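1. give me coordinates for this.
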Amino acid sequence: MIMNQVYLFLIFIANGIIIGILFDFFRILRKSFKTSDFITYFEDLLFWILTGFSILYFIFVFNNGEIRLFMFLGIAVGITLYMLIFSSVFIKINVTIITFFKKIFIKVFEIILIPFKFIKKMFFKPISFIFINIRKSFTNLYNNFIKITKKHKKIENNVKN
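-> This is a model prediction of the structure:
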């Protein structure tokens, strides 16, 4: 009986460590990528849903759905141990890895975009230049038309008077 409870206590310490890793996973995402408040709220909700499922899964699989106080104590011990011993190293290593791959991805993406920048410069610049000049021409025509109509109205008013 007591060995079964010690075994369950150790299982729930492991569950606490898993919850700590999950918590750090979301912390790593926030440190590595800028997120909006909406995404942060969604991540928090997802964290709590996954944590709840994890705890319920462990309770049903390892203790047939019976809830005991020492299980939650084991989870708290597991989270505390993980946060005190492994958390800072885990976050630092993973943020470094993600930052490294992010830089590589950005460089590869920039290299892939080089031909498209060339195409834009060679084809779209002249086309945009043509459209800009056409727009300027129409703007000048419109302004001239307005000036002529104003002069015409002045002449009409002078003739009527």
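
2. report the distance from stretch 72-81 to the chain centre.
-> Chain-centre distance of stretch 72-81: 30 Å, with C-alpha atoms, centre = their mean, to the nearest Å.

3. before we move on, what about stretch 30-41?
-> 5 Å.

4. name the helix or strand for the residue nearest in space to the middle of the chain, please.
-> When C-alpha atoms, centre = their mean is applied to the chain, the residue found nearest the centroid is Thr35 (4.2 Å). Taking DSSP states H and E as the definition, Thr35 sits outside all helices and strands.

5. give me phi/psi at it?
-> Thr35 adopts backbone torsions of phi -130, psi 150, taken as degrees, to the nearest 10.

6. and the pLDDT at it?
-> Listed pLDDT for Thr35 reads 85.

7. what's near enough to touch it?
-> Going by C-beta atoms under 8 Å, 6 or more residues apart in numbering, Thr35 touches Leu29, Glu43. Every C-beta, even on glycine, is put in place using the N, C-alpha and C of the backbone.

8. can you tell me how far it is from His152?
-> For Thr35, the distance to His152 (C-beta to C-beta, to the nearest Å) stands at 61 Å.

9. repeat for Val95
-> 71 Å.

10. check Phe58 too.
-> Distance from Phe58 to His152, by C-beta to C-beta: 88 Å.

11. these two - which one has more neighbours?
-> More neighbours surround Phe58 than the other of Phe58 and His152, with 20 against 10 (other C-beta atoms under 10 Å).
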